[in-house]
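Visitor: A predicted structure for the sequence below; I have some questions about it.
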Amino acid sequence: MAPIDAPDPKIEHPTDVVVRMGAVGVCGSDIHYYTTGRIGSQVVEFPFTVGHECAGTVEQVGSQVTHIRPGDRVAIEPAMHCGQCDQCLSGRPNTCRSIRFLGCPGQAEGSMSEFLVMPEENCFKLPDDMSLEAATISEPLAIGIYAVQQSRLAAGDKIGILGMGPIGRTVLLPAIRGGCAASYATDKIDPRCAAAKSAGATWVGNPLEQDVVAAILEREPLGLDIVFECCGQQEAMDQALQLLRPGGTLMLIGIPEVDRVSFDAETMRRREISIVNVRRQRGCVERALQMIDQNRADIERLITHRFPFSDSRVAFDLVADYRDGVVKAMIDFAD
């Protein structure tokens with residue numbers, strides 16, 4: 001994972017914006033590409049640049065850019081949709097048939113580079129006092145906001161969040177703000193469990209150390225209204241079905257490393273469980289930036305490790321191995 005010299009990107013369309021990277025967050029999907037070279041049918045061909053959680057400073061703008069100027073600090077929405085297919089026209093740009101996503105093989109090179117060119121509509125201007133590091137969290141936080149929105153969480157609902165990495169944590173914040181009555185969180189890494197408790201989870205457990213299903217059902221014998229599966233693990237999906245009340249909802253957000261997963265058909269059928277897949281996010285970046293602005297301390301605590309660009313490989317290895325209680329590792333381009 002050595003740096004490669006490449007020509008500076010150039011403006012090709014009048015609505016293009018050239019951004020000098022300031023910070024890039026290391027995401028679980030980046031790690032999938034780093035360790036296995038693929039996610040499903042998306043296979044990396046070397047050399048390829050990963051990274052999509054990012055923020056930086058505008059260097060240059062195209063002739064038709066109207067809302068962004070050189071010197072503006074911006075968060076980047078990494079999904080570029082066509083605006084013309086049936087999905088886009090029906091208000092579903094997150095499932096655009098011609099989508100181009102940063103750091104996704106066959107679509108677009110990622111943000112782990114000094115400069116990046118993006119359409120103006122993908123650049124969101126930041127408040128003067130918001131750090132670029134905090135702004136990168138708008139990408140995973142937008143997913144958390146969207147997942148809670150899609151779950152139709154109502155005030156008084158009792159929820160579970162299985163996997164308290166960055167996505168689990170970014171689900172917890174909007175769920176608490178949405179009025180959930182109780183939140184039960186699990187993770188196999190003790191520092192993440194402690195962090196989830198500090199972030200406001202009602203109860204936290206480690207499935208390597210206890211029967212988390214029994215422990216939660218002892219407290220909630222009727223079951224949970226919604227469970228957010230945030231780690232992509234088969235055992236977590238099995239636990240989610242056991243935890244849900246009849247008529248409950250399972251939100252699938254985590255990305256499995258395998259091509260197929262399974263569900264207990266009898267449990268799903270007899271309890272009439274609804275399963276909702278979450279595909280990134282839809283129209284939630286501005287809400288994420290507002291939430292970051294209102295909860296600076298909570299967001300900053302998500303960033304547990306920082307590395308210069310020259311130590312990117314060290315950062316990726318740390319996240320891949322789940323070492324040192326890492327939640328979010330950040331790559332700093334300042335130097």
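Guide: The structure has been received and is ready for your questions.

Visitor: Please make it C-alpha for all contacts and neighbour counts, starting now.
Guide: Noted.

Visitor: Which element, helix or strand, includes G144?
Guide: helix 138-151 (DSSP states H and E).

Visitor: Now do that helix: everything it contacts.
Guide: Under the criterion CA atoms under 8 Å, 6 or more residues apart in numbering, residues 53-54, 75-78, 166-168, 170-172, 174-175, 226, 249, 251, 253, 276, 278, 280-282, 284-285, 287-289, 292 lie in contact with helix 138-151.

Visitor: Report the buried members of these.
Guide: 53-54, 75-78, 166-168, 170-172, 174-175, 226, 249, 251, 253, 278, 280-282, 284-285, 288-289, 292 (16 or more other CA atoms under 10 Å).

Visitor: pLDDT weak spots in the stretch 201-335 of the chain?
Guide: Within the stretch 201-335 of the chain, the segments meeting pLDDT under 70 span 335.

Visitor: Tell me which stretches of it form strands.
Guide: Assigned by DSSP state E, counting those that start in this stretch, the stretch 201-335 of the chain shows strands spanning 203-205, 224-229, 244-252, 274-277, 303-308, 328-332.

Visitor: So what are the sheet partners of the fifth one and their directions?
Guide: Strand 303-308 has its sheet partners listed here by DSSP bridges as strand 328-332 (parallel).

Visitor: Please spell out which residues along the partner strand are buried.
Guide: Buried-residue list, strand 328-332, by 16+ other CA under 10 Å: K328, A329, M330, I331, D332.

Visitor: Kindly compare burial across the strands of the stretch 201-335 of the chain and name the winner.
Guide: Counting by mean count of other CA atoms under 10 Å, strand 224-229 has the highest mean neighbour count of those, with a mean of 27.

Visitor: who touches stretch 52-63?
Guide: With CA under 8 Å, 6+ apart, stretch 52-63 has contacts from 11, 13-27, 68-76, 78, 101-103, 110-112, 132-133, 135-140.

Visitor: Okay, the spatially most central residue of the chain and I292: tell me how far apart.
Guide: Centroid-nearest residue in the chain: P140, 2.9 Å away (criterion: CA atoms, centre = their mean). Applying CA to CA, to the nearest Å, the value for P140 to I292 is 11 Å.

Visitor: I143 now?
Guide: 13 Å.

Visitor: go on, C104?
Guide: 26 Å.

Visitor: ok, now V212?
Guide: Taken as CA to CA, the span from V212 to I292 is 31 Å.

Visitor: what ranges do the strands span in the stretch 1-150 of the chain?
Guide: Using DSSP E, counting those that start in this stretch, strands in the stretch 1-150 of the chain cover 16-25, 38-39, 42-43, 53-61, 73-76, 79-80, 100-101, 115-119, 123-125.

Visitor: Can you lay out these as CSV showing mean pLDDT?
Guide: Output for the strands of the stretch 1-150 of the chain, formatted as CSV (pLDDT from 0 to 100):
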stretch, mean pLDDT
strand 16-25, 98
strand 38-39, 88
strand 42-43, 90
strand 53-61, 98
strand 73-76, 98
strand 79-80, 98
strand 100-101, 97
strand 115-119, 97
strand 123-125, 98
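
Visitor: Just say which of those is most tucked in.
Guide: When the strands of the stretch 1-150 of the chain are compared using mean count of other CA under 10 Å, strand 73-76 is most buried, at a mean of 28.

Visitor: tell me what it is packed against?
Guide: Under the contact definition 3 or more CA pairs under 8 Å, 6 or more residues apart in numbering; DSSP states H and E, strand 73-76 sits against strand 53-61, strand 123-125, helix 132-136.

Visitor: any idea how far it is from the chain center?
Guide: How far strand 73-76 lies from its chain's middle: 16 Å, per CA atoms, centre = their mean, to the nearest Å.

Visitor: Show residues contacting that strand.
Guide: 53-58, 122-126, 132, 135-136, 138-139.

Visitor: again with stretch 183-191
Guide: 158-165, 172, 176, 193, 196, 201-208, 212, 216, 325.

Visitor: Report how many residues lie close to T15.
Guide: 16 (other CA atoms under 10 Å).

Visitor: mind checking how far it is from R169?
Guide: For T15 relative to R169 (CA to CA), the value is 34 Å.

Visitor: The chain - how does it break down into domains?
Guide: Annotated domains of the chain cover 16-136+295-332, 143-277 [automatic domain parsing].
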